[in-house]
Structure formats: structure tokens, C-alpha cells
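In: Structure here, sequence nowhere to be found:
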Ligand SMILES: Nc1ncnc2c1ncn2[C@@H]1O[C@H](COP(=O)(O)OP(=O)(O)OP(=O)(O)O)[C@@H](O)[C@H]1O
């Protein structure tokens, strides 16, 4: 599905990584590991097509994402550090907005979905008044509303409690069983939940 081919990234005259090659298949989960500043977020942004590598290319289904970005974007769900949530709106309004821009009719019972992710009683509160963990749960709701094949997630477990982590891991398993793929950064140990977890480690280069 996804091929990273000879990708190099240079920031402020520092080479973060060079000639990086790996691929991700349907049903696979891959963790990007490495110390702070090694370039994990920079790599995720290149893979999502938000920035262009200094060398190399990213291929989706054999085609360069830059040349076929619309096609790729339909198959991609990216959730980064900035949550992408409108903090002035309530959780429910955010969900309704996401559904509208994807052209879906409001067929699901959204209160049931919000309850599943632990937001009972908070559906109608502006997101800015929620805790960091609750705000992250709102951001992650997109994982239940989207049929994208490739999930690129930057620290998705940040600020989640134990129950939130377990719920998210369960969602990952379903996505992989349905033939999706996941690339993520996290400091969580995922090996106990995903025994075929792939890992790419970036070293900090001076
Ligand atoms: N837009 C930018 N302009 C200049 N330098 C940048 C930019 N984005 C990132 N960098 C630099 O690139 C390096 C890698 O940053 P990046 O955020 O990719 O690391 P990371 O591995 O995700 O770190 P962390 O674990 O702390 O999130 C850092 O030294 C950072 O200062």
C-alpha cells in the first residue's frame, strides 16, 4: 500500500534522516520510534503529503502521492498534535461538521458514539471547556466516522487514561482486521497488543 522510497529530510541544515526506505501493507501497524527531535513528526508530515522530502518519494498504491494527491487524500486520515477540533463548538457539533464535509447523512446515533468514547453528559459542552484527555477523545472520534484506509497518527494516546487507551487499541484492531493500515508515533508499549507490530526507529543525528 505505502512505500517510502529513499526519503531524506533536512531541517535547519541538520539532516534528520537520509535514504529511508520501508513499506506498510494492508492489515499492518507500524510504530515510528526515536528520541525527541529525531524527526518523527517531520516524517509523518512528509508521508501525509503536507511537506515534500528533500530527496526521495512516497508512493501510495504504486503512485507518487504528490502527483496523485486527491486520490491519496481520500484514503488518508491524519490526526496530528493539533487536534483539528473546533474548540468553540461542542463535541456533537464537531462530529456533525465532519460528517457534513464528508458528504454523509446523519444516519448514526451520534449520542451512542459519543458515549462509547466516554463523553456521556459532555456532548453539548464547548470543547474548550473539556479536559485535555476529553478533547483528545473528541479528536479521535474521526476514527469511527471515516472509511480512510491509511491512518497516520501523531501521539494519539497523549492525555488518554487507561480506559481511553484500551478503547483506542480496540479500534486499531478492528481497522487492521478490515484491511486498513496504521502508522503512528507513541511512547506506549504496543507490543503486547499487536504481536506483528513493525517498528522504524529514527536516531537523533547531529
Ligand atoms: N517547520 C520547521 N522548520 C524548521 N525546523 C523544524 C521544523 N519542523 C521541525 N523542525 C526541526 O526538526 C527537528 C525534528 O522535529 P520533529 O518535530 O520532526 O521531531 P520529533 O521526533 O517528532 O520530536 P518529538 O518526539 O519531540 O515530537 C527538530 O529539531 C525541529 O526543531
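Out: Looks like it came in fine. Keep in mind the model is a prediction, meaning the values are calculated, not measured.

In: quick one: low-confidence parts of this protein?
Out: Scanning the chain for pLDDT under 70 picks out 104-108.

In: Can you pull the phi/psi pair for residue 112?
Out: Residue 112 adopts backbone torsions of phi -70, psi -40, taken as degrees, to the nearest 10.

In: Could you list the contact residues of this structure toward the ligand?
Out: 11-12, 16, 34, 36-42 (Cβ under 6 Å from any ligand atom). Glycine gets a C-beta too; all of them are placed from N, C-alpha and C.

In: Surely residue 181 touches residue 3?
Out: No: if you go by Cβ atoms under 8 Å, residue 181 and residue 3 don't touch, sitting 11.8 Å apart.

In: Between those two, tell me which one has more neighbours.
Out: Taking neighbours as other Cβ atoms under 10 Å, residue 181 and residue 3 compare with residue 181 leading, 22 against 17.

In: partners of that one in the sheet?
Out: Residue 181 has these beta-bridge partners by DSSP bridges: residue 150.

In: need the contact list for the residue nearest to the spatial centre of the chain.
Out: Nearest to the mean C-alpha position of the chain, counting by Cα atoms, centre = their mean, stands residue 153 at 2.1 Å. Residues near residue 153 by Cβ atoms under 8 Å, 6 or more residues apart in numbering: 78-79, 182-185.

In: cool, and residue 137?
Out: Contacts of residue 137 by Cβ under 8 Å, 6+ apart are 117-119, 160, 164.

In: just to revisit the earlier point, take the residues of the chain next to the ligand and keep only those in helices.
Out: Of these, the ones assigned to helices by DSSP state H are 40-42.

In: Just put those residues in a markdown table and tack on neighbour count and distance to residue 149.
Out: Shown next, in a markdown table, are those (neighbours: other Cβ atoms under 10 Å; distance: Cβ to Cβ, whole Å):
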| residue | neighbour count | distance to residue 149 |
| --- | --- | --- |
| 40 | 24 | 22 |
| 41 | 15 | 22 |
| 42 | 19 | 23 |
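
In: I'd like those residues as a markdown table, with distance to residue 96 appended.
Out: Listed next are those as a markdown table, based on distance: Cβ to Cβ, whole Å:
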| residue | distance to residue 96 |
| --- | --- |
| 40 | 33 |
| 41 | 29 |
| 42 | 33 |
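
In: where do the helices sit along this protein?
Out: Under DSSP H, the chain gives helices at 40-47, 69-75, 91-101, 110-116, 132-140, 142-145, 162-177.

In: Which one of those helices lies nearest to residue 205?
Out: helix 40-47 (12.1 Å; Cβ to Cβ).

In: and the closest one, how far from the chain's centre?
Out: Offset of helix 40-47 from its chain centre (Cα atoms, centre = their mean, to the nearest Å): 11 Å.
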